[in-house]
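Enquirer: Sequence and predicted structure below; questions after.
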Number of protein chains: 2
Amino acid sequence: MQGKLLYAQSGGVTAVINATAGAVIETARKHGVRVLAARNGIIGALREDLIDTSKESAAAIAALRHTPGGAFGSCRFKLKSIEQDRARYERLIEVFRAHDIRWFLYNGGNDSADTSLKISQVGKALGYDVTVVGVPKTVDNDLAVTDCCPGFGSVAKYTAVSVLEASLDVASMAESSTKVFVIEVMGRHAGWIAAAAGLAGKSADEAPHVILFPEIAFDEDAFLARVRATVERVGWCTVVVSEGVRDKEGRFLSEVGTRDAFGHAQLGGVAPLVAQLVKDRLGYKYHWALPDYLQRSARHIASKTDLDHACAVGKAGVELALAGRNAVMPAIIRTSDAPYRWKIEAVPLARVANHEKKLPKGFISRDGYGITAAARRYLEPLVRGEASPPYGRDGLPKYVRLKNIVVARKLPEYVIAD
Amino acid sequence: MQGKLLYAQSGGVTAVINATAGAVIETARKHGVRVLAARNGIIGALREDLIDTSKESAAAIAALRHTPGGAFGSCRFKLKSIEQDRARYERLIEVFRAHDIRWFLYNGGNDSADTSLKISQVGKALGYDVTVVGVPKTVDNDLAVTDCCPGFGSVAKYTAVSVLEASLDVASMAESSTKVFVIEVMGRHAGWIAAAAGLAGKSADEAPHVILFPEIAFDEDAFLARVRATVERVGWCTVVVSEGVRDKEGRFLSEVGTRDAFGHAQLGGVAPLVAQLVKDRLGYKYHWALPDYLQRSARHIASKTDLDHACAVGKAGVELALAGRNAVMPAIIRTSDAPYRWKIEAVPLARVANHEKKLPKGFISRDGYGITAAARRYLEPLVRGEASPPYGRDGLPKYVRLKNIVVARKLPEYVIAD
């Protein structure tokens, strides 16, 4: 086909965003369409820093399916409104025109959906015909319309497995050592990952015993009473705390706690604060963990369902683009919980951009510290299935590193001003 | 056979200590010997809190092979010298006598080897014939004589895989986000786990770029210069810091850094300190991770070599005990690096107890921030091979929970005084 397809990754990367990239490239190749990839997301598109994926072997592209991180680089860079950032939008169209880019796939979360929508509008305004498709991705699971977001299922699986394993450790040692274990999970605005931790236990006495959601204002006394009751009943207690947990005044606990009267700098992490509180007020020996990037890059324990979703949105994204469906996103539509069934449907980007999907109130148990049966029905299919990467003789997963050969520049250098 | 075998777990648990327990029980069953397990290690033996493993099905015992944590509970409890702790040693022998325990297998690290040795002597002194075998286990990998310790290979694999994965994430985002990633690993006294992190990269530009070993006094300026040079050359930098890293005066960095002039309490963790230092002095955006118990309980990413070792020492431990080999430990003897070959040999506990195996100087690169080829030759076989647990329909590993039915007490209650 005439013209090229530009693919770019945006925002925090995931264990399976490269699986989407691989599906995009493989699907485009089947249709005889060449794929360029912007290095470091939209930044590379602006700078005309474009990678020629046709230089990569079929085996290398296939290996993207099991390689975490962002193979072409991603970015944290938000374009403002067309009025405010007009020069940048014009530059993008200029780059598209120079490289005959007829289709643009932007693989990201909320901000990227918004950016995709704007680019889809600006092409027409500037008289350049480009079809823009947003492709969903975010461990935060907060995109609207789609039932879930590729990347979330794998971080959910990592988190549930880690809580299960570490809690078996704590249970073994509680008699004479650690009694309270605190693990901090991502999710600054919504408790999706915190909720997934709840999958580790099936009954009240199984870990996690306490989940601190961003949706529930932190009540110190009630929390401590719950921890104490758990230790007295079970012998130990596992606490999952979301990085986004807030106090009654709506301030992030991590910020309140780490800035003292002397203005000492924040070391980061709400887990150590919660652990210290338990020690100070209840006297229990504690340990805490903060897996940070480990949770969203853990391709070795990715969910098969999540991987399937990631591939499906990549494939559908290309098909929608080639069919000329401008300003849409392939969404994952759940048609059944048990057996779990889903399909891909194109939805208008306008329905996705600038909407945030919150954790439903019905997913948090009445006491505020656990998840409901409805949450389990939703979450369980997303962590189901294993998709182990191949391993080398060195005992490590065989993750691919692409050559990332750039195409020759056709335009003058462009500096992205602040 | 006449008499019973008592098995107990000691110290920090690992991803594969239950595999040793399973091998102990299966081997004893083959010989027609009944196995009791002390609940929470030596504490249970003192309290006469003994679990009858014959109540567990063959399937449950087989499942120990893939279940992390300590199935019978472990403890941090050190017996002093026979002179100082005579009453406790006498109590142990009393319990052994009451339950016709003829063989005692103590599965632990350095302290446990010492305790095993003492118990092996006290039986004879008190006129009770018991054969005591120490069975090695510790993620710290610091037992003497044995080439490595079951539990270490799996934490080594977890650590190398995690550093590899998180670094792919950081590399993707470095252009516009995190430039320095710091991950803290266990190892208060020796840098074995820190060294294992080095397996993640093969060349100077691959992560980890800086390893901070407990063996090398922390030099702030040299460290910062190294980080800066790495970011300028590679674009980003992964730092692995051992929890045991010390300053030039020999003080743990974690303690120096977290107690300020106002006596504020320690939140724990050297990773946030190192990250903050990078931010304050170099201005780079950072993230840090502290996997804590996750690293030593991560059965889902266990090393096959490690699992094989864990099973082999359990089987050999029983065979040595039944053959009347008192005061020995089955050690792992490496006979070849490539191909990796090993065997089990009985070594006197006296050669193991109270000796600490240090990380060889030749394993740390001359600049002090990386590992040598000799380290790779040693470490690589230990992380080789995968041993995935079975997973359920819920997407989680199928870890077994034993019934842990106790045998009837025959002695008066015993309170362990401080």
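Expert: Thanks, I have it. Numbers count the residues shown, from 1 in each chain, chains lettered A, B, ... in the order given.
Enquirer: Return the residue of chain A that is most distant from the centre.
Expert: A:Ser176 (38.3 Å; C-alpha atoms, centre = their mean).
Enquirer: got the contact list for that residue?
Expert: Neighbouring residues of A:Ser176 by C-beta atoms under 8 Å, 6 or more residues apart in numbering or on different chains: B:40-41, B:43, B:75-77. C-beta: built from backbone N, CA, C; applies to glycine.
Enquirer: the helices in the stretch 51-200 of chain A, which residues?
Expert: Secondary structure of the stretch 51-200 of chain A (DSSP state H, counting those that start in this stretch): helices located at A:58-63, A:86-98, A:110-125, A:152-173, A:192-197.
Enquirer: Lowest average pLDDT across those?
Expert: Lowest mean pLDDT of the helices of the stretch 51-200 of chain A: helix A:110-125, a mean of 92.
Enquirer: on that earlier part again, could you identify which of the contacts of A:Ser176 has the most neighbours?
Expert: B:Gly41 (29 neighbours; other C-beta atoms under 10 Å in any protein chain shown).
Enquirer: wait, that one sits on B:Leu79?
Expert: No: the criterion here is C-beta atoms under 8 Å, and B:Gly41 misses it with B:Leu79 at 10.8 Å.
Enquirer: ok, now which ones touch the spatially closest residue to A:Gly108 that is not a sequence neighbour?
Expert: Among residues not flanking A:Gly108 along the chain, A:Ser10 sits closest, at 3.1 Å (C-beta to C-beta, 6 or more residues apart in numbering or on different chains). By C-beta under 8 Å, 6+ apart, A:Ser10 lies in contact with A:41-42, A:74-75, A:77, A:106-109, A:111-112, A:115, A:137.
Enquirer: And those residues, which two are furthest apart?
Expert: Greatest spatial distance in the contacts of A:Ser10: A:Phe77 and A:Lys137, 15.5 Å, computed using C-beta to C-beta.
Enquirer: for the stretch 151-300 of chain A, which spans come out with low pLDDT?
Expert: Counting by pLDDT under 70, the stretch 151-300 of chain A shows low-confidence ranges at A:256-268.
Enquirer: repeat that for 50
Expert: Within the stretch 151-300 of chain A, the ranges that satisfy pLDDT under 50 run A:259-266.
Enquirer: Strands of that one, residue ranges please.
Expert: Ranges of strands in the stretch 151-300 of chain A, per DSSP state E, counting those that start in this stretch, are A:180-185, A:210-212, A:237-242, A:286-289.
Enquirer: helices and strands around the shortest one, which ones?
Expert: Read it as strand A:210-212. Helices and strands touching strand A:210-212, by 3 or more C-beta pairs under 8 Å, 6 or more residues apart in numbering or on different chains; DSSP states H and E, are helix A:192-197, helix A:220-234, strand A:237-242.
Enquirer: just to revisit the earlier point, among the contacts of A:Ser10, which one has the most neighbours?
Expert: A:Ser74 (35 neighbours).
Enquirer: Contacts only, for that one.
Expert: Here A:Ser74 is in contact with A:9-13, A:17, A:40-41, A:108, B:172-173 (criterion: C-beta under 8 Å, 6+ apart).
Enquirer: Write out the residues of the stretch 1-150 of chain A neighbouring chain B.
Expert: A:9, A:12-13, A:15, A:40, A:43, A:67-71, A:73-77 (C-beta under 8 Å from any C-beta of the partner chain).
Enquirer: To B:Phe252, which of the helices of the stretch 51-200 of chain A lies closest?
Expert: For the helices of the stretch 51-200 of chain A, proximity to B:Phe252 was assessed by C-beta to C-beta; helix A:152-173 is nearest, at 21.7 Å.
Enquirer: So which bits of the closest one are buried?
Expert: If you call a residue buried by 16 or more other C-beta atoms under 10 Å in any protein chain shown, then helix A:152-173 has these buried ones: A:152-173.
Enquirer: for that helix, packing partners?
Expert: Helices and strands touching helix A:152-173, by 3+ C-beta pairs under 8 Å, 6+ apart, are strand A:180-185, helix A:192-197, strand A:237-242, strand A:286-289, helix A:293-297, helix A:304-322, helix A:373-383, helix B:293-297.
Enquirer: for the helices of the stretch 51-200 of chain A, which one sits closest to A:Gly3?
Expert: helix A:86-98 (9.6 Å).
Enquirer: residues contacting the closest residue to A:Ala174 other than its chain neighbours?
Expert: What sits nearest to A:Ala174 in space, not counting adjacent residues and going by C-beta to C-beta, 6+ apart, is A:Trp236, at 3.6 Å. Residues near A:Trp236 by C-beta under 8 Å, 6+ apart: A:170-171, A:174, A:178-181, A:230.
Enquirer: Need the distance between the two termini of stretch A:39-58.
Expert: Chord length of stretch A:39-58, first to last residue, is 20 Å (C-alpha to C-alpha, to the nearest Å).
Enquirer: Next, the buried residues of that stretch.
Expert: A:39-53, A:56.
Enquirer: hmm, stretch A:293-306 touching chain B?
Expert: Yes: using C-beta under 8 Å from any C-beta, stretch A:293-306 reaches chain B at A:293-294, A:296-301, A:303, A:305.
Enquirer: can you list the residues of the stretch 301-418 of chain A near chain B?
Expert: So the stretch 301-418 of chain A meets chain B at A:301, A:303, A:305, A:380, A:383-386, A:388, A:391, A:393-397, A:399 (C-beta under 8 Å from any C-beta).
Enquirer: Write the PyMOL selection for whichever of these are buried.
Expert: Buried residues within those, by 16+ other C-beta under 10 Å, are selected in PyMOL with:
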select buried, chain A and resi 301+303+305+380+383+384+385+386+388+391+394+395+396+397+399
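Enquirer: which two in the residues of the stretch 301-418 of chain A next to chain B are spaced the farthest apart?
Expert: It's A:Glu380 and A:Arg393 that sit farthest apart of these, by C-beta to C-beta, at 35.6 Å.
Enquirer: circling back: quick one, phi psi at the residue farthest from the centre of chain A?
Expert: phi -130, psi 10 (degrees, to the nearest 10).
Enquirer: and chain A, which of the contacts of A:Ser176 reach it?
Expert: Near chain A, by the rule C-beta under 8 Å from any C-beta, you find B:40-41, B:43, B:75-77 out of those.
Enquirer: Just give me the closest of those residues to B:Pro339.
Expert: B:Gly41 (36.8 Å).
Enquirer: Skipping its backbone neighbours, what lies nearest the closest one in space?
Expert: B:Cys75 (3.7 Å).
Enquirer: cool, and A:Ser254?
Expert: Leaving aside its chain neighbours, A:Ser254 sits nearest to A:Val270 (4.2 Å; criterion: C-beta to C-beta, 6+ apart).
Enquirer: neighbours around that neighbour, how many?
Expert: A count of nearby residues for A:Val270, using other C-beta under 10 Å, gives 26.
Enquirer: wait, it sits on A:Glu255?
Expert: No: in this structure, A:Val270 is not within contact of A:Glu255 by C-beta under 8 Å, at 9.1 Å.
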